[in-house]
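J.: pasting a predicted model and its sequence here:
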Amino acid sequence: VIKQKVLGEDHPDTAGTLNNMAIVFNSQGDHKKALEYYKKALAIKQKVLGEDHLDTAGTCFNMALLYKTLNDTQQELDMWEKAHKTFLNTFGPNHQHTKITKSQIERCRKNL
């Protein structure tokens, strides 16, 4: 709340704080609240940083893990694909993040 007031709603640091709060809520088992905060963080990052920014991809990665916990395979797949695109374009096909997201995409597609 303090960062939102000082920096504004659409600041990357505000998005980072929202993302971190989502991680906390998720670790406490409050998945509904975690998803709410991830969605807010993602919207800011997409608007301010762009779809292809690594911070945006990081939130997509976190959201994919949450959707996996919630057994929402379609939403999980969508988030893995968004993260994978950025990781592939940034790091190339042999980077750990690229490989992880690719394997998760393949697993999701098998389960749909």
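T.: On my side now, so go ahead.
J.: all contacts plus neighbour counts: C-alpha atoms, from now on.
T.: Fine.
J.: show me what contacts residue 98?
T.: Contacts for residue 98 (Cα atoms under 8 Å, 6 or more residues apart in numbering) come out as 84, 87, 88, 91, 92.
J.: just the buried residues out of those, in PyMOL syntax.
T.: Per 16 or more other Cα atoms under 10 Å, the buried members of those correspond to this PyMOL selection:
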select buried, resi 84+87+88
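J.: take the contacts of residue 98 and keep only those in helices.
T.: 84, 87, 88, 91 (DSSP state H).
J.: ok, now which ones touch the second one?
T.: Same thing as residue 87. For residue 87, the contact set (Cα under 8 Å, 6+ apart) comprises 54, 57, 97, 98.
J.: repeat that for the first one.
T.: With contact taken as Cα under 8 Å, 6+ apart, residue 84 is in contact with 57, 97, 98, 101, 102.
J.: list every C-alpha atom in stretch 62-82, with coordinates, as PDB.
T.: Output of stretch 62-82 as PDB, limited to C-alpha atoms (Å, rounded to 0.1, in the frame of the first residue of the first chain):
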ATOM      1  CA  ASN A  62       4.700 -18.200 -10.700                       C
ATOM      2  CA  MET A  63       1.100 -18.100 -11.900                       C
ATOM      3  CA  ALA A  64       1.600 -21.400 -13.800                       C
ATOM      4  CA  LEU A  65       2.800 -23.100 -10.700                       C
ATOM      5  CA  LEU A  66      -0.300 -21.800  -8.800                       C
ATOM      6  CA  TYR A  67      -2.600 -22.900 -11.600                       C
ATOM      7  CA  LYS A  68      -0.900 -26.300 -11.400                       C
ATOM      8  CA  THR A  69      -1.700 -26.500  -7.700                       C
ATOM      9  CA  LEU A  70      -5.300 -25.500  -8.500                       C
ATOM     10  CA  ASN A  71      -5.500 -28.200 -11.200                       C
ATOM     11  CA  ASP A  72      -6.400 -25.600 -13.900                       C
ATOM     12  CA  THR A  73      -4.400 -27.100 -16.700                       C
ATOM     13  CA  GLN A  74      -5.600 -24.700 -19.400                       C
ATOM     14  CA  GLN A  75      -4.700 -21.600 -17.400                       C
ATOM     15  CA  GLU A  76      -1.400 -23.300 -16.400                       C
ATOM     16  CA  LEU A  77      -0.600 -24.000 -20.000                       C
ATOM     17  CA  ASP A  78      -1.300 -20.400 -21.000                       C
ATOM     18  CA  MET A  79       1.100 -19.100 -18.300                       C
ATOM     19  CA  TRP A  80       3.800 -21.600 -19.200                       C
ATOM     20  CA  GLU A  81       3.600 -20.600 -22.900                       C
ATOM     21  CA  LYS A  82       3.900 -16.900 -22.100                       C
END
